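1. no sequence on this one, just coordinates:
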Ligand SMILES: [Zn+2]
């Protein structure tokens with residue numbers, strides 16, 4: 001009898017263990033129809049200290065600025081009014097423009113008396129590259145710098161993903177025809193601001209385990225998972241790295257922290273390998289704000305290599321950046337639901353690091369930056 005009950009106990013125990021191991025973790029069916037991913041927006045009930053930050057703590061350079069084309073006094077004035085409220089001292093016009101469009105903006109900004117608030121990057125036309133394209137692009141670059149451009153960019157993600165050569169093949173980022181362009185930028189002392197790829201998930205299958213399912217479902221042009229049309233994420237980054245490697249005397253700024261924010265260690269390796277490389281934080285706040293302690297350590301370690309940038313010019317969105325960088329607030333909303341379904345936390349960056357990220361690094365790597373309005377720069 002005792003043996004029988006022992007066996008019964010053991011067999012129940014084993015069955016129970018097996019049953020636990022076999023229960024798939026997500027197979028419970030709610031008694032009422034569940035909401036869709038778009039419908040479920042629970043309001044947080046958490047009550048914790050909150051510190052809204054409408055103005056940046058220090059005057060800031062937006063390295064990744066996309067204001068409208070600055071060719072009229074009224075447009076310039078409305079952008080400056082928004083900048084003043086946010087403590088944005090200088091915007092880099094990263095809607096790169098060349099020739100007449102560049103000239104007209106520089107003149108309009110001067111005529112409006114706002115030349116201390118904007119600097120301009122030029123652009124390079126990478127379409128239909130073939131023999132002889134490199135020197136032609138480089139001489140246009142020299143002209144635009146004479147006109148007043150202080151950088152190149154933003155070179156968009158088309159470079160590497162979509163742009164075709166004259167012979168119809170994909171223009172590889174490390175194409176040797178472009179070497180003379182990047183060398184010329186180095187000689188002119190201007191940074192090259194380049195956006196490569198997109199979040200790594202966009203290159204992966206669009207399934208229910210993809211963290212960016214919603215964004216990929218909303219925007220068909222953000223799906224790069226068709227291998228017959230696009231390179232792999234890592235292949236693209238290796239190609240980009242070969243370009244960086246060939247031009248150690250050129251200053252490179254990688255947009256969106258090279259889309260490595262879900263793996264900051266990888267960005268650290270890149271910084272260690274290439275001392276002439278910087279990164280800009282636009283549109284990756286959702287990743288920094290979900291790892292506030294690791295991200296703070298990273299920003300402290302690489303404080304000389306990181307630049308503030310916002311990407312799209314929506315004045316009401318900047319304060320989310322100030323709050324993540326400056327406070328230690330917990331579990332607060334992000335501004336764009338298709339980037340992230342999670343909440344953000346503040347990194348509480350030290351003032352020394354904030355100053356570098358907000359303006360000191362930009363003032364160092366962009367030539368002829370207006371210095372007025374920045375503490376200790378006159
Ligand atoms: Zn951009």
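-> That came through fine. All figures in this text were calculated on a predicted structure; none of them were measured in a lab. Numbers count the residues shown, from 1 in each chain.

2. number of nearby residues for the residue lying closest to residue 211 once chain neighbours are set aside?
-> Spatial nearest neighbour of residue 211, excluding adjacent residues (Cβ to Cβ, 6 or more residues apart in numbering): residue 201 at 5.5 Å. C-betas here are computed from N, CA, C, even on glycine. Around residue 201 sit 21 other residues, with neighbours defined as other Cβ atoms under 10 Å.

3. isn't residue 201 right next to residue 210, touching?
-> Yes: between residue 201 and residue 210 there is a contact at 5.3 Å, judged by Cβ atoms under 8 Å.

4. Could you tell me which residues touch both of those two?
-> residue 216 (Cβ atoms under 8 Å, 6 or more residues apart in numbering).

5. mind listing the strands in this protein by residue range?
-> 60-66, 88-93, 118-120, 152-155, 192-194, 252-254, 277-280, 306-307, 311-312 (DSSP state E).

6. For the stretch 51-200 of the chain, which segments are assigned as helices?
-> Along the stretch 51-200 of the chain, counting by DSSP state H, counting those that start in this stretch, helices occupy 73-86, 99-111, 133-147, 158-161, 179-188.

7. Out of the ones you listed, flag the one nearest the ion.
-> helix 158-161 (11.8 Å; Cβ to the ion).

8. From the rest of the structure, what touches the closest one?
-> 126, 171-173, 194, 196-197, 224, 230-231, 236, 239-240.

9. chain center to that helix: distance?
-> Distance of helix 158-161 from its chain centroid, counting by Cα atoms, centre = their mean, to the nearest Å, is 16 Å.

10. got the end-to-end distance for stretch 205-214?
-> Start-to-end span of stretch 205-214 (Cα to Cα, to the nearest Å) is 13 Å.

11. For residue 286, which non-adjacent residue is spatially closest?
-> Nearest to residue 286 is residue 340, by Cβ to Cβ, 6+ apart, at 3.5 Å.

12. what's the burial count for that neighbour?
-> Using other Cβ under 10 Å: residue 340 sits among 20 other residues.

13. quick one, what contacts it?
-> Taking Cβ under 8 Å, 6+ apart as the test, what residue 340 contacts is 286-287, 290, 334.

14. Looking at neighbours, which among the residues you listed is most surrounded?
-> residue 287 (23 neighbours).

15. What number of residues are in the vicinity of the residue lying closest to that one once chain neighbours are set aside?
-> Spatial nearest neighbour of residue 287, chain neighbours left out: residue 261 (3.6 Å); criterion: Cβ to Cβ, 6+ apart. Neighbour count of residue 261, defined by other Cβ under 10 Å: 24.

16. I'd like to know which of the contacts of helix 158-161 is nearest to the ion.
-> residue 194 (10.4 Å).

17. Leaving out the residues flanking it, which one is nearest to residue 318?
-> residue 86 (4.9 Å).

18. How many residues are close by the one you found?
-> Count around residue 86 with other Cβ under 10 Å applied: 21.

19. how near is the spatially most central residue of the chain to residue 85?
-> Nearest to the mean C-alpha position of the chain, counting by Cα atoms, centre = their mean, stands residue 256 at 1.6 Å. Note on residue 256: its distance to residue 85, by Cβ to Cβ, to the nearest Å, is 25 Å.
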